[in-house]
Each structure stands twice: as C-alpha cells, then as structure tokens.
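no sequence on this one, just coordinates:
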C-alpha cells in the first residue's frame, strides 16, 4: 500500500468539472467605488467561481507526502481575509490549474494607481487591518506563510473586504 493513499485528495479538482468562462470588465466609470471590477477569465466548478493560474504540464505529477499534507492544510484554511484555495487540476490534460475563490472587484494596485480614487485615513486603516488579519491567520496556521504577497495579490471583494 502506498503511503500517499492515506491522504484524502480534497484539493484535487477533476478537469471534467471545470468550465472556463471568458470574463468581461464590470461597468462603471474609472474611480467609481461601487462599480470597479477586474477583467478576468474564470473557471466555473459546479456553482463555484474560481480564479486560476494555468501552466503547461510537461509530465505526470506525483506529490510526495509533505506536499500532500501542505495542500491538505491549504484547503482547510478558512478566513474572511483570505481567498479560499479550491484546489489543483493536473494529470488529466497538458494543462496544470491552480484554483482559488474568485474575487471580482479589483486589486489593491488598481486602487492605488487610480488617480481618481481617494482613500481617507479610515479607509487606509481598514485596508491595513484586513491585510494584517489575513497574514496573522496564515502565519499561525499549518501553512505558515503567504509566499507571494504584493499589490497584485491583495484583492478587494464586492463587500470591500481585503483578501490575500
């Protein structure tokens, strides 16, 4: 019996369950707080919208015990300020997909670089608080780190909650 069989692959997403949807930009004028949205192609997995990163898969992938434990821990992460890890699709096609819950509004970079968008001190404090809460949760979790925190990966959802 293989050692890896003891881990449930809750993070594995069968390629057949993925439907790719071409995105379009949300309405609203530049700088309009209520309508700013990113243009994004997303995956539909059942009723769940997912952002994805697709990579060319050049060979079959076999995860070791440590990687499987990490992916299992990543799947268990649940926090208001973190985009949920949905899972991976691999070995079914020549494309490897990494999927997280879709955050539709915009990135922190989009707002910072928008000259028409004004942030008062209260608004800035709320951004910082939400980012700190998400990072603190991650650092205390079995995952332990973010790995790619920057202005592009700090996202704002439709409720103005900052997610990492």
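Looks like it came in fine. Since we're looking at a predicted model, the values are computed, not measured.

C-alpha only now, for contacts and for neighbours.
Will do.

so who does the most centrally placed residue in the chain touch?
Closest residue to the average C-alpha location of the chain: residue 100 at 3.7 Å, with Cα atoms, centre = their mean. The contact partners of residue 100, taken as Cα atoms under 8 Å, 6 or more residues apart in numbering, are 50, 51, 52, 83, 84, 85, 86, 87.

the first one contacts residue 101, doesn't it?
Yes - if you go by Cα atoms under 8 Å, residue 50 and residue 101 touch, sitting 4.6 Å apart.

that older thread, doesn't the residue nearest to the centre of the chain belong to a helix?
No - using DSSP: H, G, I helix; E, B strand; the rest coil, the secondary structure at residue 100 is strand, not a helix.

so what touches the strand ranked longest in the chain?
Counting residues, the longest strand in the chain under DSSP state E turns out to be strand 48-56. With Cα under 8 Å, 6+ apart as the test, strand 48-56 has contacts from 41-44, 86, 94-103.

again, 10 Å this time
Identification of contacts with strand 48-56 by Cα atoms under 10 Å, 6 or more residues apart in numbering yields 18-21, 40-44, 83-90, 93-104.

repeat for stretch 58-71
3-12, 72-76, 85, 87-88, 90-96, 142-144.

what about the chain, any weak spots by pLDDT?
1-7, 24-39 (pLDDT under 70).

report the buried residues of the helix ranked longest in it.
Scanning the chain for the longest helix, with DSSP state H as the assignment, gives helix 121-140. Buried residues in helix 121-140, counted by 16 or more other Cα atoms under 10 Å: 127, 130, 131, 133, 134, 135, 137, 138.
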